[in-house]
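quick one, structure for this:
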Amino acid sequence: MTVQDTLQALGITRSYRGCLRAATAIELVLEDEDRLEAVTKEIYREVAKRCHCNWYAVERNIRTAVQRAWRINRPLLTQMAGYPLEAPPTASEFIAIVADYMRRTSEQEAVSALPADRVSG
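Sure, this is the predicted structure:
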């Protein structure tokens, strides 16, 4: 499953500016999880550079995408988080949730693709 597929399942389609910007932010975290330690500098500013806009526009667009996901598919977002969400996550929490979900999903797919004798022993 791609980042775009995951966002689309949450109701964040390509018609939203936040879709591309959220996807880019998530991909940056998938490349290097340590970027979450300095979200503005390591993620928002890098996405802004790639998308030719200001970093605060990136954060705002991702916040809008989060609100849409919260309205459209709250159960899936909660499932991705792995814990109850009482309110919509922040933009940075959303990036971390989706990146972690994608990492867990790809690891599970890799294990299920192994021959049975490799999984058990």
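
and Y83, which of the three is it?
Here Y83 is recorded as coil under DSSP: H, G, I helix; E, B strand; the rest coil.

tell me how far it lies from Y101.
12 Å (C-beta to C-beta, to the nearest Å). Heads up, the C-betas are built off the backbone N, CA and C, glycines and all.

more neighbours: those two, which one.
Between Y83 and Y101, counted using other C-beta atoms under 10 Å, Y101 has the larger neighbour count: 19 against 7.

now do the contacts for that one.
Y101 makes contact with 6, 80-82, according to C-beta atoms under 8 Å, 6 or more residues apart in numbering.

is it true that N54 touches A48?
Yes: between N54 and A48 a contact is recorded at 5.8 Å, counting by C-beta atoms under 8 Å.

got a list of what the most centrally placed residue in the chain touches?
The chain has V98 as the residue nearest its centroid, 3.2 Å off, counting by C-alpha atoms, centre = their mean. When contacts are counted by C-beta under 8 Å, 6+ apart, V98 is found next to 3, 6-7, 22, 26, 80.

centre of the chain to the helix or strand hosting it, how far?
V98 is part of helix 91-113 when elements are defined by DSSP states H and E. Remark: helix 91-113 is offset 8 Å from the chain centroid, using C-alpha atoms, centre = their mean, to the nearest Å.

for it, C-alpha coordinates in PDB please.
Taking C-alpha atoms only, helix 91-113 is exported to PDB below (Å, rounded to 0.1, in the frame of the first residue of the first chain):
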ATOM      1  CA  ALA A  91      -0.400  17.600  12.100                       C
ATOM      2  CA  SER A  92       2.800  16.200  13.500                       C
ATOM      3  CA  GLU A  93       1.000  13.400  15.400                       C
ATOM      4  CA  PHE A  94      -0.900  12.600  12.200                       C
ATOM      5  CA  ILE A  95       2.400  12.300  10.200                       C
ATOM      6  CA  ALA A  96       3.800  10.000  13.000                       C
ATOM      7  CA  ILE A  97       0.600   7.900  13.100                       C
ATOM      8  CA  VAL A  98       0.400   7.200   9.400                       C
ATOM      9  CA  ALA A  99       4.200   6.600   9.000                       C
ATOM     10  CA  ASP A 100       4.200   4.200  11.900                       C
ATOM     11  CA  TYR A 101       1.100   2.400  10.500                       C
ATOM     12  CA  MET A 102       2.700   2.100   7.100                       C
ATOM     13  CA  ARG A 103       5.900   0.800   8.700                       C
ATOM     14  CA  ARG A 104       4.000  -1.800  10.700                       C
ATOM     15  CA  THR A 105       1.900  -2.800   7.700                       C
ATOM     16  CA  SER A 106       4.900  -3.300   5.400                       C
ATOM     17  CA  GLU A 107       6.700  -5.400   8.100                       C
ATOM     18  CA  GLN A 108       3.600  -7.600   8.400                       C
ATOM     19  CA  GLU A 109       3.400  -8.000   4.600                       C
ATOM     20  CA  ALA A 110       7.100  -8.900   4.500                       C
ATOM     21  CA  VAL A 111       6.600 -11.600   7.200                       C
ATOM     22  CA  SER A 112       3.500 -13.000   5.500                       C
ATOM     23  CA  ALA A 113       5.300 -13.200   2.200                       C
END
